[in-house]
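Peer 1: fold the following.
(2 chains)
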Amino acid sequence: QTVVTQEPSLTVSPGGTVTLTCASSTGAVTSDYFPNWFQQKPGQAPRALIYGTSNKHSWTPARFSGSLLGGKAALTLSGVQPEDEAEYYCLLYYGGDQQSVFGGGTKLTVL
Amino acid sequence: QVQLQESGPGLVKPSETLSLTCAVSGYSISSGFYWDWIRQPPGKGLEWIGNIYHSGSTFYNPSLKSRVTISVDTSKNQFSLKLNSVTAADTAVYYCARQGASTKHVDYWGQGILVIVSS
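Peer 2: Here you go, the predicted model:
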C-alpha cells in the first residue's frame, strides 16, 4: 500500500518562511506525480493552492510556492501571515494504478 | 464559476449502502475533467475514494474498490457515489471535486456532507 508522508506539525513566526514536504513510499517524487497542495481550515473544505508541482491557481497568494526538493514535493510559504495557520495536504498521482493518494497532512501553527 | 454541491442522507445504518450525489454547475461534465470523491473522517486526514471521467471510465482507491461504485449522469450534470456494506469506519465528511484529465490538478471542491454510520 502506497503511503505519502508529511511532517505532522510545524511552527513558524509571522513574517517567516517555512517549507512543508511530501514524500512517497515508492521513492523519489518527480513531476510525473503531479503534486497538488491544499490548505484546510477548521470546518471548511480544502482549498487548492498548487498543482503540477509548482503551478498556482488564480486565487493562490503569491507567498505560496511549490517545488521538488531532495526527492520530495515541497510547499514553501514566504512572509507567513497569521491567516496561514491551517492544515496543509499534498496529493500525489500514481499513473501506474491511476490513483491519487493524500499525505497525512501538516498542521502549521503561526506563533 | 464552477460549483459542486453534495447531497444525500446524513445517516446510514451499518451494513447498508451510502449513496451521495454531486451536482455540478457552471461547467458541463461532458466537456471533460475527472470527477472525484474524497472523504475525511472526523479529526483525521483526507482520503481519495475514486473518480470518473465524463465517458464513464472509473478509477478507485484499492482499499475501497470492492465496495465503491461511481457513476455519472451527464443529462443532469451530476455524478454519484455508492459505498456498500458500510461500518462506523465510513463515518466521514464526503467531498466531491474536479480533477484535470492531463494536468491532474484538483481545483474546485464541494462544501462537503457529513455522513454518520450508526444504527
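Peer 1: in chain B, which residue sits closest to chain A?
Peer 2: As assessed by CB to the nearest CB, chain A sits closest to B:His105 within chain B, at 3.3 Å. Where C-beta positions appear, they are placed from N, C-alpha and C, glycine not excepted.
Peer 1: run through the residues of chain A sitting next to chain B.
Peer 2: Residues of chain A lying close to chain B by CB under 8 Å from any CB of the partner chain are A:1, A:34, A:36, A:38, A:40, A:45-48, A:51-52, A:55, A:57, A:89, A:91, A:93, A:97-105.
Peer 1: among these, which ones are buried?
Peer 2: A:34, A:36, A:38, A:40, A:45-48, A:51-52, A:89, A:91, A:93, A:99-105 (16 or more other CB atoms under 10 Å in any protein chain shown).
Peer 1: among the residues you listed, which are in strands?
Peer 2: In strands, defined here by DSSP state E, the members of these are A:36, A:38, A:40, A:47-48, A:51, A:89, A:91, A:93, A:99-102.
Peer 1: taking these, tell me the two that lie furthest apart.
Peer 2: Of all pairs drawn from those, the greatest distance, 22.5 Å, lies between A:Arg47 and A:Gln99 (CB to CB).
Peer 1: just put the ones in strands among the buried ones among the residues of chain A next to chain B in TSV and tack on pLDDT.
Peer 2: Output for these, formatted as TSV (pLDDT from 0 to 100):
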residue	pLDDT
A:Asn36	98
A:Phe38	98
A:Gln40	98
A:Arg47	98
A:Ala48	97
A:Tyr51	97
A:Tyr89	98
A:Leu91	98
A:Tyr93	96
A:Gln99	93
A:Ser100	96
A:Val101	97
A:Phe102	98
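Peer 1: great, nothing more from me.
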